[in-house]
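**Q** This is a predicted model, with the sequence first.
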Amino acid sequence: MATTMLRIALQKSGRLSEDSYQLFKECGIRFDYGTGKLKSVSSNFPAEFLFLRDDDIPGYVEDGVADLGIVGENVAVETGRAVQTVHKLGFSKCRLSIAIPRGETYNSLHDLNGKNIATSYPRLLGNYLAEQGVTAQIHEISGSVEIAPSIGLAEAVCDIVSSGSTLLSNGLKEVETIFRSEAIMIASNDLEAEKQALLDKLLFRIKAVQAAKN
Ligand code: ATP
Ligand code: ZN
């Protein structure tokens, strides 16, 4: 009989990758990564790792192609996939903020009424504006959002910020934080019992690693 294995989707290479790989290492779970291969089976835990673009991970977990995944909360919410958050991981912390050209005055979010805002996060921004009773046009663009005001595409941007240096170098200032994010572990909504038992084992180790750091 084939043994049950957890399939775990991780970002192939980016701001989540190193800390994700490190987390499993600290849990004593060994696997090869960075070899250019798309997947790798652990040599000492019943798990297989898939290396993917972060944006694709919630969809794979929803579809059951992967059982678990590590993504930023921002991506998990934006993709709107039906998955469960099983644990917050405390790394890749960042915020999603609205920024405007440095020279512009700003009093409140209502200053954005009727304006164009460029973002890669139309769902998160749309929900926030609706909650706050602000009506603005959202321009979805997939990258280099912070140049939008200088090329006349939008009057404001809504983008991921950590230190703020990218905003600064594009002549922008942060005026509102709409969402705070960190890396989370997501899981499929209907894990079979054996996989759930493996997940519980994994979470037990992750919590022990986190407790040892605090
Ligand atoms: P991919 O090629 O996998 O699609 P990407 O370019 O979309 O990668 P990254 O820039 O690697 O994504 O960011 C991945 C996640 O890391 C983001 O969704 C966010 O949760 C978090 N993140 C983004 N920017 C920062 C930052 N400056 N500091 C810390 N965490 C960040
Ligand atoms: Zn991405």
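**A** Nice, thanks for sending it over. Just so you know, these numbers come straight off a predicted model, no measurement behind them. Ligands and ions are numbered 1, 2, ... in the order given.
**Q** Write out the residues of this structure neighbouring ligand 2.
**A** 54-55 (Cβ under 5 Å from the ion). Placement of C-beta: from N, CA and C, glycine included.
**Q** Spatially central residue for the chain, please.
**A** Nearest to the geometric centre of the chain sits Gly72, at 1.8 Å (Cα atoms, centre = their mean).
**Q** Just give me the neighbour total for the residue nearest to it when sequence neighbours are not counted.
**A** Excluding its sequence neighbours, the residue lying closest to Gly72 (Cβ to Cβ, 6 or more residues apart in numbering) is Ser181, at 5.0 Å. Residues near Ser181, counting by other Cβ atoms under 10 Å, number 21.
**Q** partner residues bridging Ser181?
**A** Note on Ser181: beta-bridge partners by DSSP bridges are Cys94.
**Q** got the contact list for it?
**A** Neighbouring residues of Ser181 by Cβ atoms under 8 Å, 6 or more residues apart in numbering: 72-74, 92-96, 160.
**Q** which pair in these spans the largest distance?
**A** The most widely separated members of the contacts of Ser181 are Ser92 and Leu96, with 12.9 Å between them, by Cβ to Cβ.
**Q** so Gln210, which of the three states?
**A** The three-state label given to Gln210 by DSSP: H, G, I helix; E, B strand; the rest coil is helix.
**Q** what do you get for Ile100?
**A** Reduced to three states by three-state DSSP, Ile100 is strand.
**Q** can you tell me which residues contact it?
**A** 106, 149, 155-157, 172-173, 175.
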